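Engineer: just the structure for this:
(one chain, ligands or ions: 1)
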Amino acid sequence: MKDLAYLNKFFYKYRWRFIPGILFVIISNIFGVLPAQVIQISFDLVSENITVYRLFSGFDRQDVINEIFGYTLMLFGAIVLMLALLRGIFLFFMRQTIILMSRHIEYDLKNEIYNHYQKLSMAFYRRNNTGDLMNRVTEDVSRVRMYLGPAIMYTINTVVLFIMIVAFMFSVNAKLALYSLLPLPLLAITIYFVNTMINNRSEKIQEQLSALSNFVQETFSGIRVIKAYVREDDVREKFDVESENYKSQSMALVQVQALFFPLILLLVGLSTIITVYIGGIEVMNGTISSGNIAEFIVYVNQLTFPVMSLGWVTSLIQRAAASQKRINEFLHTKPEITSPRSQAAAISGHIEFKNVSFTYPDTGIQAIKNISFEVKPGEFVAIIGRTGSGKSTIANLLMRMYDTDSGEILIDGKPLRELDLNSFRQQIGFVPQEVFLFSDSIKNNIAFGISAPDQETIEAAAKNAAVYQNIVEFEKGFETLIGERGITLSGGQKQRLSIARAIIKEPQILVFDDCLSAVDTRTEEQILNNLGRVMKNKTSILIAHRVSTIKNADKILVIEGGEIMEQGSHRSLMSKKGIYFELYEKQLLEEQVV
Ligand SMILES: Nc1ncnc2c1ncn2[C@@H]1O[C@H](COP(=O)(O)OP(=O)(O)OP(=O)(O)O)[C@@H](O)[C@H]1O
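Structural biologist: Here you go, the predicted model:
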């Protein structure tokens, strides 16, 4: 429950909806309870009038009495209708204030979580899977809203109504009140247990449903592999099993749900019978009128729904507390990478790694060991090495996706940690190893990193990334949609689009993480030539596997096991006849064989 206290700030924020909301609940309940008393009066009136009517049997006056009696009953009917109408109006206001407040808080909370997500670092995203992150913003927030809206509304409603009705009941007859109320606690407890069972089973169904949809989604994504390996039957069998599971869980829920309403009706019926029985005895004793029995029956029926909602509300609050606990866990996660309060400044592109070591926090793999190197502004530096040697990690550290464990990264002589992060990242063009393009038009994908793109700049970037010709050949050119709703691009086309996305920023530092691997050597040469022009006097860092890609670099770093084994120009490394020389010879041989 203490987790829900986090939401109190929202109650304060929306107090001018919340406080009137509570008032409307109280007023609507007054109009809800009064009809029972009107019914009691009219009931007694009916029995009195019948006696009077009989007394005047055979007299002319009997018709007059009949007429007056009819008018009076009509009047009472109209009063009950009026009260119902007034109650309805205030119920409308109650929903307009409290439920509306809950929707506003839901919106605020979703935004708060989403904004917090944006601040969290890569390490957080590696620790938590996407499904979990999604659930916090969708499922969990919805559950919390059920507490903020319906649960609070029904709790206030139940408390107010209960106090009013119980007070009225006891003022009429304490004994009858006690007997009539007797089955109600039983009703609340039963509803609580049945409801918890329904919730547990619904939750299992939800889990099974998401397992089922994950399975289906994966089979659709991997349909090419499934068909190529002729595993359709196998996949169908697995689907059958998952589907069967879902069915049996749904059946289990239906069973409990089927029990729900008959049980309620039984308990309410029991209350009514007790009221009539004990009330009858009291009428015979002369302590109450027969109209009071009618009044009590209305009260008992009016209490049924609030008492039922007590059980329902309890489980709603429990679920909301569990959800808010999960949300709080995320909201209280401090971003590991924070930007200091420093001025945004233009960088010249001087990079220095000084004895940098880094271990990935989630796996404990030491990817970088005591690395030192320097890149001067305007230089073209290449990094080469076996897979898993730590090349991408250098790029990640430079982008400050992670902070170093020891050592320092200096940009223009200043520690990277002291630079304004947004301004620094804005001046870097980064092309990651795993290309990611949004399900949007080609144009918007290229212009992703800039605020006011114009067609000319987009086309120039596409030309420099040697992808322009491919784009204009598509029917809709730059407006072509890619991703799920659009066309599928080839691996090389995707890589070149993400290169265009980096180049369009006119960055001071360009970082290419092995993003020419799916491009043929001729196109690669073309891109590198264009880069030479675009990146003149700007710093470029290029991670590659092919020696041919990096031959012209000012400096080449050869990485192995997270350490720099050799560094220098192509010529100096060749004359050294070390690892680089060996790599070159091997690749040359492979090319000749091909
Ligand atoms: N996000 C991560 N979390 C945990 N460990 C990681 C992560 N990324 C890489 N590693 C590990 O760190 C080591 C270095 O990986 P890195 O990606 O830097 O190598 P690489 O030289 O770029 O390899 P490749 O050429 O295959 O891309 C590897 O052992 C890898 O398993």
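Engineer: from here on, contacts and neighbour counts on C-alpha atoms
Structural biologist: OK.
Engineer: who's in contact with the most centrally placed residue in the chain?
Structural biologist: Nearest to the mean C-alpha position of the chain, counting by Cα atoms, centre = their mean, stands Val137 at 1.9 Å. For Val137, the contacting residues are 110, 113-114, taking Cα atoms under 8 Å, 6 or more residues apart in numbering as the criterion.
Engineer: repeat for Thr304
Structural biologist: Contact analysis of Thr304 by Cα under 8 Å, 6+ apart lists 184, 268.
Engineer: now with 7 Å, please.
Structural biologist: By Cα atoms under 7 Å, 6 or more residues apart in numbering, Thr304 lies in contact with Val268.
Engineer: can you start the count at 5 instead of 1 from here on
Structural biologist: In the new numbering, first residue 5, that becomes Thr308.
Engineer: what comes up buried for stretch 118-129?
Structural biologist: Residues of stretch 118-129 classed as buried by neighbour count (16 or more other Cα atoms under 10 Å): 118, 120-121, 124-125, 127-128.
Engineer: just those residues now: which is nearest the ligand?
Structural biologist: Each of the buried residues of stretch 118-129 was checked against the ligand using Cα to the nearest ligand atom; the closest is Ala127, at 7.4 Å.
Engineer: in which helix or strand would I find the closest one?
Structural biologist: Ala127 is part of helix 126-131 when elements are defined by DSSP states H and E.
Engineer: what residues does the stretch 105-254 of the chain have near the ligand?
Structural biologist: Neighbours of the ligand within the stretch 105-254 of the chain, by Cα under 6 Å from any ligand atom: none found.
Engineer: sorry, back to before: and the residue nearest to the centre of the chain, that one's in a strand?
Structural biologist: No: applying DSSP: H, G, I helix; E, B strand; the rest coil, one finds Val141 to be helix, outside a strand.
Engineer: gap between it and the ligand?
Structural biologist: Counting by Cα to the nearest ligand atom, to the nearest Å, the separation of Val141 from the ligand is 24 Å.
Engineer: hang on, the earlier thing: which of the buried residues of stretch 118-129 sit farthest apart?
Structural biologist: The largest separation in these, counting by Cα to Cα, is between Tyr118 and Ala127 at 16.9 Å.
Engineer: just the strands in the stretch 355-504 of the chain please.
Structural biologist: For the stretch 355-504 of the chain, the strands defined by DSSP state E, counting those that start in this stretch cover 355-363, 370-379, 384-389, 410-415, 418-419, 432-435.
Engineer: Throw the contacts of Val141 into CSV and include distance to Ile160, thanks.
Structural biologist: Output for those, formatted as CSV (distance: Cα to Cα, whole Å):
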residue, distance to Ile160
Lys114, 26
Ile117, 29
Tyr118, 31
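Engineer: list the contacts of Ser217.
Structural biologist: Applying Cα under 7 Å, 6+ apart to Ser217 gives no contacts.
Engineer: can you list the buried residues in the strand or helix carrying it?
Structural biologist: Secondary structure assignment for Ser217, by DSSP H and E: helix 187-225. If you call a residue buried by 16+ other Cα under 10 Å, then helix 187-225 has these buried ones: 187-188, 191-196, 198-203, 205-206, 208-209, 212-213, 216, 219, 223.
Engineer: now render the strands of the stretch 355-504 of the chain as CSV, adding distance to the ligand, mean neighbour count and mean pLDDT.
Structural biologist: Formatted as CSV, those follow (distance: least, Cα to the nearest ligand atom, whole Å; neighbours: other Cα atoms under 10 Å; pLDDT from 0 to 100):
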stretch, distance to the ligand, mean neighbour count, mean pLDDT
strand 355-363, 8, 20, 95
strand 370-379, 4, 18, 94
strand 384-389, 6, 25, 93
strand 410-415, 16, 19, 94
strand 418-419, 22, 14, 92
strand 432-435, 13, 24, 92
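Engineer: need these in TSV (columns: distance to Asn541).
Structural biologist: Compiled in TSV, these are given as follows (distance: least, Cα to Cα, whole Å):
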stretch	distance to Asn541
strand 355-363	14
strand 370-379	12
strand 384-389	10
strand 410-415	16
strand 418-419	20
strand 432-435	14
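Engineer: can you say which of the ones you listed is nearest to Ala232?
Structural biologist: The closest of the strands of the stretch 355-504 of the chain to Ala232 is strand 432-435. By Cα to Cα, the value is 31.7 Å.
Engineer: helices or strands up against that closest one?
Structural biologist: Here strand 432-435 touches helix 495-507, strand 513-517, going by 3 or more Cα pairs under 7 Å, 6 or more residues apart in numbering; DSSP states H and E.
Engineer: got the angle between the longest one and strand 513-517?
Structural biologist: Between helix 495-507 and strand 513-517, the angle comes out at 160 degrees (axes from the mean of the first three to the mean of the last three Cα atoms, to 10 degrees).
Engineer: for the lengthiest helix in the chain, name the packing helices and strands.
Structural biologist: Secondary structure of the chain per DSSP state H: the longest helix is helix 236-289. Applying 3+ Cα pairs under 7 Å, 6+ apart, one finds that helix 236-289 makes contact with helix 178-185, helix 187-225, helix 294-335.
Engineer: give me the low-pLDDT residue ranges for this protein?
Structural biologist: Low-confidence segments of the chain (pLDDT under 70): 488-490, 595-598.
Engineer: for the ligand, give me its nearest residue in the stretch 55-204 of the chain.
Structural biologist: Nearest residue of the stretch 55-204 of the chain to the ligand (Cα to the nearest ligand atom) works out as Arg130 at 6.7 Å.
Engineer: so how far is Asn12 from that residue?
Structural biologist: Per Cα to Cα, to the nearest Å, Arg130 is found 32 Å from Asn12.
Engineer: re the thing from before, with distance to Gln66 added, can I get the helices and strands packed on helix 236-289 in CSV?
Structural biologist: Below are the helices and strands packed on helix 236-289 laid out as CSV (distance: least, Cα to Cα, whole Å):
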stretch, distance to Gln66
helix 178-185, 36
helix 187-225, 45
helix 294-335, 24
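Engineer: quick one: Ile545 from Ile531, how far?
Structural biologist: 14 Å.
Engineer: repeat that for Gly495.
Structural biologist: Computed with Cα to Cα, the distance linking Gly495 and Ile531 is 16 Å.
Engineer: more crowded one of the two?
Structural biologist: Counted by other Cα atoms under 10 Å, Gly495 and Ile531 do not tie: Ile531 has more neighbours, with 21 against 13.
Engineer: report the distance from the host helix or strand of the more buried one to the chain centre.
Structural biologist: Under the criterion of DSSP H and E, Ile531 resides in helix 525-538. Distance of helix 525-538 from its chain centroid, counting by Cα atoms, centre = their mean, to the nearest Å, is 43 Å.
Engineer: what does stretch 568-578 give?
Structural biologist: Remark: stretch 568-578 is offset 50 Å from the chain centroid, using Cα atoms, centre = their mean.
Engineer: again, but for stretch 495-503
Structural biologist: For stretch 495-503 - counting by Cα atoms, centre = their mean - the centre lies 31 Å from the chain centre.
Engineer: stretch 410-430 now?
Structural biologist: Centre-to-centre, stretch 410-430 and its host chain are 33 Å apart (Cα atoms, centre = their mean).
Engineer: still on that earlier bit, got the angle between the helix holding Ile531 and helix 495-507?
Structural biologist: For helix 525-538 against helix 495-507, the angle by the same axes, to 10 degrees is 0 degrees.
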